[in-house]
Structures are given as structure tokens and as C-alpha cells.
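# sequence first, predicted coordinates after that:
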Amino acid sequence: MAITQTFVFTRPNTTVDFHYRANTPEMTAASAVKQQYIDSGKMTTTTTVSDDELTLTLVSTSPDLEALGIRDTLVSLAIDAEFNNYITTHEHVVTSYTLTGIDAPFTCTTTYTFPTAGLDVHDILLTNISNDPRAAAKILGNPIISDTSMSVTHKYDNAADYTANFFTEFHLANELHAAGVTRTITYAMA
């Protein structure tokens with residue numbers, strides 16, 4: 001099965017690069033790793049820019065759920081935090097996101113790893129999840145919490161359900177990254 005993620009980004013003018021093309025340490029490192037997956041056939045990525053150069057469409061295709069998890073894990077909290085800062089500074093907007101290619105129920109498990117025991121990140125994440133009724137409704141079971149990690153599994157009916165209701169901690173990325181939290185994302189058929 002081919003699984004496709006489509007991201008559409010807009011910018012107010014052409015004086016600043018799209019974040020995807022920005023020459024930053026995080027993007028350079030992620031691009032190098034991503035290229036390894038492209039070279040091994042685990043992912044394809046294409047970008048198109050509108051005629052007025054204000055809209056960039058990024059299409060990433062993965063052959064299976066395992067590769068999708070690898071791709072989503074590559075987009076680390078460090079990159080999300082950098083992206084948060086970049087779009088705020090440069091007035092970029094993510095105008096849409098779509099996932100296609102999964103026509104059956106599946107799960108998405110996000111595991112957060114904390115650098116030290118006792119770091120009070122659990123409460124931040126659990127509050128974020130409970131304050132997002134779309135995400136809270138998709139939780140499968142209870143979050144698994146230890147001193148140094150937390151795993152949350154969400155269940156979706158298909159790709160369209162994920163597109164409409166996916167969980168994101170994007171607005172917490174700066175805080176989580178500053179605390180040294182890392183994130184791993186895995187998908188599986190339900």
C-alpha cells in the first residue's frame with residue numbers, strides 16, 4: 001500500500017525561504033537522514049511551488065506503515081520547535097494536511113522519552129491530550145507512563161479519519177524540545 005502525506009505551506013512573500021528549504025542545522029541533518037530512506041526506496045518526496053511562488057506543496061509517499069513511522073519520527077520535536085519559530089517569525093502558514101492510502105483501522109503510537117526521571121512532562125502532555133476532544137476521543141486504552149517515558153496510542157478508522165482528527169503536540173514542541181524530550185512515532189494496522 002502506498003501511503004501519501006500532502007502538506008501545503010504558504011508564505012506572504014518571496015523574500016524568505018520556505019522552512020522546508022531553509023538552511024538550518026536541524027533541516028540539514030533531517031534531510032541527510034531522509035535522503036538515506038529515499039535512496040533505499042522507503043520514501044519518495046516531491047515538492048511543487050505555485051506560479052506566484054507563495055505556495056509550496058510537499059508530497060511524501062511511504063510504502064507501508066513502518067516507513068510512515070520512520071518519516072514522522074524524522075520530523076523531530078527539534079524540527080517542530082524550529083518550524084514553530086520559523087513560521088512565527090516569517091509568517092508562514094501550514095494551510096492543509098492530508099493523509100491518504102490507509103482504508104482500514106490503524107493505530108498511531110507516540111512515545112515520548114524524557115532525559116531524566118522526574119521531569120514533569122507527563123502532566124503537560126496529558127493536559128494537552130485531554131484539552132483536544134478530537135484526540136482524546138481517539139485514545140486507545142490508557143497512556144503508558146514510566147519515570148522516563150510516556151506512550152499514547154490513538155486509533156483511527158482510516159486515513160480520512162486521521163486527517164480530520166489526528167493528535168498533535170505541535171504547539172508544545174518548543175517547551176518539549178527545551179526539556180530534552182524526544183518522540184518516536186509508530187503505526188500499525190488495528
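Nice, thanks for sending it over. Numbering: from 1, shown residues only.
# return the residues in contact with the residue minimising distance to the centre of the chain.
In the chain, the C-alpha closest to the average C-alpha coordinate belongs to residue 72, at a distance of 5.1 Å (CA atoms, centre = their mean). Residue 72 makes contacts with residue 185, as judged by CB atoms under 8 Å, 6 or more residues apart in numbering. For glycine as for every other residue, the C-beta is placed from the backbone atoms N, C-alpha and C.
# what about it, distance to residue 176?
Residue 72 is 15 Å from residue 176, where distance means CB to CB, to the nearest Å.
# got it, and residue 16?
26 Å.
# with residue 23 instead?
For residue 23 relative to residue 176 (CB to CB), the value is 24 Å.
# what do you get for residue 112?
The value you get for residue 112 to residue 176, if CB to CB is used, is 7 Å.
# now do residue 56
When CB to CB is applied, the distance between residue 56 and residue 176 equals 26 Å.
# try residue 19
As for residue 19, its distance to residue 176 is 18 Å (criterion: CB to CB).
# could you show me where the helices are in the protein, in order?
Remark: helices assigned in the chain by DSSP state H are 25-39, 65-74, 77-90, 122-130, 133-138, 159-165, 173-178.
# export those to CSV and tack on mean pLDDT and distance to residue 103?
Output for those, formatted as CSV (pLDDT from 0 to 100; distance: least, CB to CB, whole Å):
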stretch, mean pLDDT, distance to residue 103
helix 25-39, 79, 24
helix 65-74, 90, 13
helix 77-90, 83, 28
helix 122-130, 73, 26
helix 133-138, 73, 17
helix 159-165, 95, 7
helix 173-178, 87, 30
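# quick one, which of those helices is nearest to residue 99?
Shortest separation from residue 99 across the helices of the chain is recorded for helix 159-165, at 4.5 Å, computed as CB to CB.
# how is this protein divided into domains?
Per the record's domain assignment (automatic domain parsing), the chain is made up of the domains 1-101, 102-190.
# ok, now which ones touch residue 124?
Taking CB under 8 Å, 6+ apart as the contact definition, residue 124 lies against 172, 175, 176.
# you'd agree the first one is up against residue 129?
This points to residue 172. No - using CB atoms under 8 Å, residue 172 is not in contact with residue 129, being 10.5 Å away.
# between the helices of the chain, which gets nearest to residue 49?
Taking the helices of the chain one by one with CB to CB, helix 77-90 is closest: 15.8 Å.
# buried residues, the closest one. List them.
The neighbour-count criterion (16 or more other CB atoms under 10 Å) identifies 77, 78, 79, 80, 81, 82, 83, 84, 86, 87, 90 as the buried residues of helix 77-90.
# okay, and the common contacts of residue 112 and residue 176?
Residues touching both residue 112 and residue 176 comprise 121, 125, 183, with contact defined as CB under 8 Å, 6+ apart.
# by neighbours, which of those wins?
Neighbour counts for those were taken using other CB atoms under 10 Å; the highest belongs to residue 121, with 21 neighbours.
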